[in-house]
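A.B. asks: I'd like to go over a predicted model; first the sequence, then the structure.
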Protein chains: 2
Amino acid sequence: MNSADLEKGLAKDEGGRRVGVPSTALFTDQYELTMLRAALRAGTAERRSVFEVFTRRLPEGRRYGVVAGTGRLLDAVENFRFDPDVIGFLREREIVDGATLDWLADYRFRGNIWGYREGEVYFPGSPILRVEGSFAECVLLETVVLSILNHDSAIAAAASRMSSAAGGRPLIEMGARRTHELAAVAASRAAYVGGFDTTSDLAAGFRYGIPTVGTSAHAFTLLHDNERDAFQAQVDALGSGTTLLVDTYDVAEAVRTAVEVAGPELGAVRIDSGDLLLVAHRVRQQLDELGAVNTRIVVTSDLDEYAIASLAAAPVDAYGVGTQLVTGSGHPTCSMVYKLVARAHSADPKAPLHAVAKKSLGGKTSIGGRKWAARRVDAEGYADAEVVGTGPVPAELLDRQLLVELVKGGEVVARESLDTVRDRHVAARAALPMSAIQLSRGEPVIPTVYM
Amino acid sequence: MNSADLEKGLAKDEGGRRVGVPSTALFTDQYELTMLRAALRAGTAERRSVFEVFTRRLPEGRRYGVVAGTGRLLDAVENFRFDPDVIGFLREREIVDGATLDWLADYRFRGNIWGYREGEVYFPGSPILRVEGSFAECVLLETVVLSILNHDSAIAAAASRMSSAAGGRPLIEMGARRTHELAAVAASRAAYVGGFDTTSDLAAGFRYGIPTVGTSAHAFTLLHDNERDAFQAQVDALGSGTTLLVDTYDVAEAVRTAVEVAGPELGAVRIDSGDLLLVAHRVRQQLDELGAVNTRIVVTSDLDEYAIASLAAAPVDAYGVGTQLVTGSGHPTCSMVYKLVARAHSADPKAPLHAVAKKSLGGKTSIGGRKWAARRVDAEGYADAEVVGTGPVPAELLDRQLLVELVKGGEVVARESLDTVRDRHVAARAALPMSAIQLSRGEPVIPTVYM
């Protein structure tokens, strides 16, 4: 066995080579299956139900959230099947009974999913996703739906703030080494949604087509007998348009050597330590004096949105961001929950839906009922409220509704390209009041209004 | 294509079913490959090299770190192969040249890896992992090695603090919904290493054999016409030893109903909201009055190590921890780096190694040379220093060395069971000065001494 096994399932083909099992069904908390088991036995499993995903609050001080992961979520729903390996595991562990195993073996989601479009912004109470079908088929999806949306939206929200702060300068995602190797791939994708331009992560390039970049690390300089040899080796292989890393020894000397080796057509230099504001100014001046007026300066040292903003007036041409991006800049997860908001009183598919909600004290209550949502705008077209309701949609909000059909009768009906999603986020953010892009702590930039 | 593709590679078998590609080679920053390309061309790629993984500091206020992920890392090294799909991608993107592609197609790691045993504690400067071989074969592993160690060690460190705080009461990992779906599986594993007992994550049970638990959520109660029906359905299916969730409506009424339905042999009740200290006392008293003296109380509401500690005097029998565990309780990643510390001056395999280190200003310097490490103990056998050196190992520290051989000539030689690792962590933590398990902020509990 090896770490790739889970990713591919445990089956092996005849040659002993592991064979992929395209199942996401085990990315699931056990209680989803024990609830199913009990509901099947009680005759309540087929009651028509509506689950919704929402957050009770944004991370402290944040002014908007960013929906990300929808594309991954649709893939996960499609691949949520209990194949023989998975059934065998559940049987062996006696997690559910035989009747439940039979039901699971035939399972695929056949219901409907509506949701905010990926890249859209959201606020407390926004019904980001609505899953409709039998209780049984919907409850099973809870864990993987939340895993994907909570992770990807957290990264996209941080990326969005960083891209505002960067003011159009390119942003490079380079956090793979700071997070789980597959979370890193999803983080690259979410960062792209939030406005990043490129990634260092080859797997993200392979899987999602995101442009990849990267040239060299300090180890490459240290490998060679001196910095000049290292720079020469890099330019020989990658051309003078490459990016040379200039802070292994002395920055000023390295910049001089870099331009000597690559010529004034040197593509870029990278600075990865020190006082970036000061060093960038010095390096720019030195590059200009050496005639390398088009050589760009890339900075990459524990940046977050605040550090990026503080470099707005510095002669920096691109930012590489790692740790703070892939950890959500202080908020590595969202607090999205997946709650039953309505269900029928019987298994009759025509039985009407009734709103349900937890009522215990302690702050974890929720609002029952199947919801719509719309973004109300002011006279200038800027958002002024997130309107959420359970009754009829007011006429003036009909064309401002936020939920679109993603899955219909179990079939995915709304696949989009990542570039479409990325463009949508730019547009959605631009339609918020200007204070949305302030980095300082504040309240959600528009209120959520229930009607 | 779907989200499971990356996990399995993109190849499909004749039936269109995706086939696993057991490769971890793309969990890699592009610059590892461009450095390889340049070094191959310059003739420096085969220089014998030593890379080490270490941190410059612990997360603020933490007193020790926990090594976790070693088992996953060894799997990743074994599966780090450039199969035709991967080679095709690199060729298409023109990330490296033909000579480099040929080299990569034959690649497997043939060097040596030494490291701290998984579950061991570490401190700033501890050489947690040492990778030895040619520059080319070692540099490629940087990204995936750091992804795994940085993620898993962060979770294990949080888990270790929580398990100290729990003082022997069982801990349930239930954070899958708060992190990437595959990071969740690694997080379950790391939590187990750090002292957790069970997980809600079925994939972690499937992949690593960790015991899984879970019974029901609020949705199950809300699905039924009343709480009694829900409890009856659950007990009918899962038996009276199950755990009933008692905070959907009124806790006192739910506890009364639960014992009526399940009898005094009810396994446990779970409380997921409210003032847990107060509610746990009330529920315990009520259960005792109802004769359910052996019914346990499980609490699960945004717990972290501090909340767990604050419940030490409460009648709580088990803790379920989610968000704060899988996000490292404020520190979702470690700051481990992978640095070239020594290399030969020529490609001659017998050429001697020379220490190398980055020397630029700005705090990111490191100490060159191939290192050993040992944990010095005081007269009572408690650790009193982490001793790290590049010269000969002093006689009195010979049998206290921390680095063991993990990979020899490319073959993994040190696989261990998770239970072995988990036991080791308990022992390693117990050998630290008592102040190690204080939750308050402090300095590393022992100093790192260089010699």
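C.D. replies: It's in.

A.B. asks: Tell me which helix or strand the residue nearest to the spatial centre of chain A sits in.
C.D. replies: Nearest to the geometric centre of chain A sits A:Asp152, at 2.2 Å (C-alpha atoms, centre = their mean). When elements are assigned from DSSP states H and E, A:Asp152 belongs to helix A:142-166.

A.B. asks: Where does pLDDT dip in chain A?
C.D. replies: A:1-22, A:360-365 (pLDDT under 70).

A.B. asks: Report the strands that pair with the next helix or strand after the helix holding A:Asp152, each with its relative direction.
C.D. replies: The helix or strand immediately downstream of helix A:142-166 is strand A:171-173, counting by DSSP H and E. According to DSSP bridges, strand A:171-173 forms sheet pairs with strand A:198-199 (parallel), strand A:318-321 (parallel).

A.B. asks: roughly how far out does strand A:171-173 sit from the chain middle?
C.D. replies: 14 Å (C-alpha atoms, centre = their mean, to the nearest Å).

A.B. asks: Grab the nearest non-local neighbour of the residue nearest to the centre of chain A.
C.D. replies: Nearest residue to A:Asp152, sequence neighbours excluded (C-beta to C-beta, 6 or more residues apart in numbering or on different chains): A:Gly69, at 3.0 Å. Just so you know, the C-beta spots here come from the backbone N, C-alpha and C atoms, and that holds for glycine as well.

A.B. asks: What about that neighbour, how many residues nearby?
C.D. replies: Look at A:Gly69: counted by other C-beta atoms under 10 Å in any protein chain shown, it has 29 neighbours.

A.B. asks: A:Arg376 now?
C.D. replies: Neighbours of A:Arg376 using other C-beta under 10 Å come to 15.

A.B. asks: Check A:Val269 too.
C.D. replies: 28.

A.B. asks: So is the helix or strand containing it next to chain B?
C.D. replies: Applying DSSP H and E as the criterion places A:Val269 in strand A:268-271. No. Using C-beta under 8 Å from any C-beta of the partner chain, strand A:268-271 stays clear of chain B, with a minimum separation of 9.2 Å.

A.B. asks: quick one: strands adjacent to that strand?
C.D. replies: With DSSP bridges as the test, strand A:268-271 pairs up with strand A:243-245 (parallel), strand A:296-299 (parallel).

A.B. asks: so of those, which one's packed in deepest?
C.D. replies: Among these, strand A:243-245 has the highest mean neighbour count (mean count of other C-beta atoms under 10 Å in any protein chain shown), at a mean of 26.

A.B. asks: how distant is it from the center of its chain?
C.D. replies: Computed by C-alpha atoms, centre = their mean, the chain-centroid distance of strand A:243-245 equals 29 Å.

A.B. asks: Could I get the CA-only coordinates of stretch A:105-125 as PDB?
C.D. replies: Output in PDB follows, covering the C-alpha atoms of stretch A:105-125 (Å, rounded to 0.1, in the frame of the first residue of the first chain):
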ATOM      1  CA  ALA A 105     -24.600  -0.400  -4.200                       C
ATOM      2  CA  ASP A 106     -27.300   1.100  -6.400                       C
ATOM      3  CA  TYR A 107     -26.800   4.600  -5.300                       C
ATOM      4  CA  ARG A 108     -26.200   7.600  -7.500                       C
ATOM      5  CA  PHE A 109     -27.600  11.000  -6.800                       C
ATOM      6  CA  ARG A 110     -30.700  11.500  -8.900                       C
ATOM      7  CA  GLY A 111     -31.900  14.800  -7.300                       C
ATOM      8  CA  ASN A 112     -31.400  18.500  -8.100                       C
ATOM      9  CA  ILE A 113     -28.800  20.900  -7.000                       C
ATOM     10  CA  TRP A 114     -29.000  24.700  -7.300                       C
ATOM     11  CA  GLY A 115     -26.300  27.000  -6.300                       C
ATOM     12  CA  TYR A 116     -24.600  30.300  -6.500                       C
ATOM     13  CA  ARG A 117     -22.400  30.400  -9.600                       C
ATOM     14  CA  GLU A 118     -18.800  29.700  -8.800                       C
ATOM     15  CA  GLY A 119     -16.800  32.900  -8.400                       C
ATOM     16  CA  GLU A 120     -19.900  34.800  -7.100                       C
ATOM     17  CA  VAL A 121     -19.500  36.600  -3.800                       C
ATOM     18  CA  TYR A 122     -21.600  35.600  -0.700                       C
ATOM     19  CA  PHE A 123     -22.600  36.900   2.700                       C
ATOM     20  CA  PRO A 124     -23.900  35.500   6.000                       C
ATOM     21  CA  GLY A 125     -27.100  33.500   5.300                       C
END
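
A.B. asks: Just the buried residues of it, please?
C.D. replies: Neighbour-count burial for stretch A:105-125, with 16 or more other C-beta atoms under 10 Å in any protein chain shown as criterion, is recorded at A:109, A:111-125.

A.B. asks: Off-centre distance for it?
C.D. replies: On C-alpha atoms, centre = their mean, the centre of stretch A:105-125 falls 15 Å from the chain's centre.

A.B. asks: Ok, stretch A:310-321 next?
C.D. replies: 24 Å.

A.B. asks: which residues sit against that stretch?
C.D. replies: The set of residues external to stretch A:310-321 that reach it, using C-beta atoms under 8 Å, 6 or more residues apart in numbering or on different chains, is A:162, A:165-167, A:169-175, A:196, A:200, A:268, A:270, A:276-277, A:280-281, A:283-284, A:296-300, A:303-304, A:308.

A.B. asks: Domain boundaries for chain A, per the record?
C.D. replies: A:43-80+A:110-155+A:337-450, A:166-330 (automatic domain parsing).

A.B. asks: Of the ones you listed, which stretch is the most buried?
C.D. replies: domain A:166-330 comes out most buried of the domains of chain A by mean count of other C-beta under 10 Å, with a mean of 22.

A.B. asks: For it, what is the distance to the chain centroid?
C.D. replies: Worked out by C-alpha atoms, centre = their mean, domain A:166-330 lies 23 Å from the chain centre.

A.B. asks: Look at it and report the distance between its end residues.
C.D. replies: The first and final residues of domain A:166-330 sit 18 Å from each other (C-alpha to C-alpha, to the nearest Å).

A.B. asks: Which residue is the nearest non-sequential neighbour of A:Val251?
C.D. replies: A:Val251 sits nearest to A:Val279 (C-beta to C-beta, 6+ apart), 6.1 Å away.

A.B. asks: these two touch, right, that neighbour and A:Ile271?
C.D. replies: Yes. If you go by C-beta atoms under 8 Å, A:Val279 and A:Ile271 touch, sitting 5.4 Å apart.

A.B. asks: residues touching the nearest residue to A:Asp225 once chain neighbours are set aside, list them.
C.D. replies: Nearest non-adjacent residue to A:Asp225, counting by C-beta to C-beta, 6+ apart: B:His345, 6.6 Å away. The contact partners of B:His345, taken as C-beta under 8 Å, 6+ apart, are A:225, B:47, B:351-352, B:354.
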